[in-house]
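J.: Provided below for reference: sequence and predicted model.
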Amino acid sequence: MFKTIVVGVDGTERSEKAAVVAADIAQKYNARLILVYAYDPVPRYFGTEIYEEAVAQAIAHGEEVLETTIAKLTEGMDVEQEVLEGPAAQAILNVVRAHEADLVVIGSRGLGEIAALALGSVGHKLIQQSPVPVLIVK
């Protein structure tokens, strides 16, 4: 049923739980598992040197979040990783389309209710725009 599963992670306990649930589903269906971390765009007006350093730090943080999440999954599981710049919902949708995924899994309110109100809910955007089913893990 599922061949490719995309999971949005942000370093929160809820996103880690979503990754564990997605990994369980991936194992049952022998599906690819792709973890996606999106970081906020870095303003380019800082100048090249500061911009490049800020992007490098954002990518390093994303890779750290992904590695921490992967460590909580079944040992030896093959997991693909993507660190992308931009809004989380759009980054996840881009990966879904690029890899022709069958399912998206995310944790509920990863950054809290206030951030969800101010920025718009990633889950809500995914439910509205995703071409595939979205599983939101509480």
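T.: Thanks, I have the structure now. Numbering: from 1, shown residues only.

J.: now do the strands in this structure.
T.: With DSSP state E applied, the chain shows strands at 4-8, 32-39, 80-85, 103-107, 134-137, listed in chain order.

J.: so can I have TSV of these showing mean pLDDT and mean neighbour count?
T.: Any C-beta I mention is one placed from the backbone N, CA and C, and that applies to glycine too. Listed next are the strands of the chain as TSV, based on pLDDT from 0 to 100; neighbours: other C-beta atoms under 10 Å:
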stretch	mean pLDDT	mean neighbour count
strand 4-8	98	27
strand 32-39	98	23
strand 80-85	97	16
strand 103-107	96	26
strand 134-137	95	18
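
J.: so which of these gets nearest Ile59?
T.: strand 80-85 (5.3 Å; C-beta to C-beta).

J.: which residues touch the residue sitting furthest away from the middle of the chain?
T.: Residue farthest from the centre of the chain, counting by C-alpha atoms, centre = their mean, is Gly47 at 28.5 Å. Counting by C-beta atoms under 8 Å, 6 or more residues apart in numbering, Gly47 makes contact with nothing.

J.: hmm, back to that, pipe the strands of the chain into CSV and attach distance to Lys17 per row.
T.: Output for the strands of the chain, formatted as CSV (distance: least, C-beta to C-beta, whole Å):
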stretch, distance to Lys17
strand 4-8, 11
strand 32-39, 13
strand 80-85, 18
strand 103-107, 6
strand 134-137, 6
